[in-house]
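Visitor: For reference, the sequence and a predicted model appear below.
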Amino acid sequence: MAFQNLNLIEPILKALAKEGYTTPTPIQQQAIPLALNGHDVLGCAQTGTGKTAAFSIPIIQLLALQKQRKPGIKALILTPTRELAIQIEESIAAYGTFANIRHTVIFGGVSQLHQTNALKRGVDILVATPGRLLDLINQRFVDLRQLEFFVLDEADRMLDMGFIHDVKKIIALLPQKRQTMFFSATMPPEIQKLADTLLKNPKMVEVTPPSSTVDKIEQKLYYTNKNDKPKLLLYLLDKENIDTALVFTRTKHGADRVVKALLKEGIKAAAIHGNKSQNARQNALSGFKAGKLRVLVATDIAARGIDIDELANVFNYDLPNIPETYVHRIGRTGRAGNSGIAISFCDGETLKELKEIQKLIGKTIPVTEKHPFPMSGGAIEKSEAPKSRNNNQNRRFQRR
């Protein structure tokens, strides 16, 4: 199927062609026609499957077709992180290049002056993070009374990052009559409950089972000691001839320590986490995308905003304590139909986390046993592939 088969208007087709996009992904094939027909959409798909285009293209088209567009914000896209908000707004700019749609993005951590000036000039589509949006609503810079479209993106990440109460405050301010699209890579019970209250007779779009991992991502597991992880990372970067890698740590200080160890060995690296200024985070991300940095070290707060189609290698330097986060992390590779490798380190303190991750994804991550820095105390016994806890979720989706 081509984008031409989705009944898209010429300005959008022209913009997609300019970007080099010809074939929609499965979630785009399913969600775009439903959204264009005015349905609420509940989308559950792993990261890297093209969700941004699945909700932004229909909104751009529906707004472009309005003959007399009244002043005021018509569409709100709510997302958890600054990086992801910026990325979504860039995508809207690309898809709407020839559609005469005004858009802007607002997020915290920077001066609000540029953002409030853009709002004063008039905006059709607003991309926002919860905290800054509530702040500007309270200052009366944002008025949502004219809203027609609402998108809640990465809903599960909102829950993980503690934004769910802010999200509920924002939802309470929205007009009852609106079209809503709700997208999430995983669907834990609290998110499912929120979706049930937010959506009206939604059409379900489920491209892959919740919390599944992309088939083209090769997953590898290394058992090692906590103190040996820096040496194992350096060893693998050299042995596997890895040109670029995204490395995830659990803490901000841990990210800085990894960068320090890499720089000491002459490897160009930078960290991206909550203690960094917005400019520093954007410079690090831009430098990584441009190939100026070999390694980008990130905490999970930045994970959803890193979208690099040809990123081949992701490291879980520290296993996450929330198993769904593993899916989001490794979903930074294997994007846009490309293959990828996800390497995870497990030390004696994270055996429980490993067990929960394997339970979630319904498979045992293959272990690489021969390497210079094995875990002390003998080999880890291999376990059978765990039974996925997604089975009950899948049955619930089938009933919808």
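Guide: Great, that's in hand. Note that the structure is a prediction, hence the values are computed from the model and not measured. Numbering: from 1, shown residues only.
Visitor: where do the helices sit along the stretch 251-400 of the chain?
Guide: 252-264, 278-289, 323-330, 351-361, 390-399 (DSSP state H, counting those that start in this stretch).
Visitor: just the stretch 101-250 of the chain next, same as before
Guide: 113-121, 130-138, 155-160, 164-172, 189-198, 229-239.
Visitor: Out of those, which is the most enclosed?
Guide: Scoring the helices of the stretch 101-250 of the chain by mean neighbour count under mean count of other CB atoms under 10 Å gives helix 155-160 as the most buried, with a mean of 25. Placement of C-beta: from N, CA and C, glycine included.
Visitor: which residues are in contact with it?
Guide: 78, 80-81, 130, 152, 164, 167, 182-188, 190-191, 194-195, 300, 304, 322, 324-325, 328 (CB atoms under 8 Å, 6 or more residues apart in numbering).
Visitor: Got a quick ChimeraX command for the buried subset of those residues?
Guide: The ChimeraX selection below is limited to those of the contacts of helix 155-160 classed as buried (16 or more other CB atoms under 10 Å):
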select :78,80,81,130,152,164,167,182,183,184,185,186,187,188,191,194,195,300,304,322,324,325,328
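Visitor: For the helices of the stretch 101-250 of the chain, which has the smallest mean pLDDT value?
Guide: For the helices of the stretch 101-250 of the chain, mean pLDDT drops lowest on helix 155-160, to a mean of 83.
Visitor: returning to that earlier point: deepest in the core, which of the helices of the stretch 251-400 of the chain is it.
Guide: Of the helices of the stretch 251-400 of the chain, helix 323-330 is the most buried (mean count of other CB under 10 Å), at a mean of 24.
Visitor: just to revisit the earlier point, now the helices of the stretch 101-250 of the chain as TSV including distance to residue 270?
Guide: Converted to TSV, these look like this (distance: least, CB to CB, whole Å):
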stretch	distance to residue 270
helix 113-121	24
helix 130-138	24
helix 155-160	23
helix 164-172	29
helix 189-198	32
helix 229-239	15
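Visitor: Next, the residue nearest to residue 71 when sequence neighbours are not counted: phi, psi?
Guide: Closest residue to residue 71 apart from its sequence neighbours, by CB to CB, 6 or more residues apart in numbering: residue 122 at 6.2 Å. Taking degrees, to the nearest 10, you get phi 110, psi 130 for the backbone angles of residue 122.
Visitor: Pop the domain breakdown of this structure in here.
Guide: Domain segmentation of the chain under automatic domain parsing yields 3-206, 217-361.
Visitor: For residue 373, which of the ones you listed is the nearest?
Guide: Within the domains of the chain, the stretch nearest residue 373 is domain 217-361; the backing value is 4.0 Å (CB to CB).
Visitor: any idea how far that closest one is from the chain center?
Guide: From the chain centre to the centre of domain 217-361 is a distance of 15 Å (CA atoms, centre = their mean, to the nearest Å).
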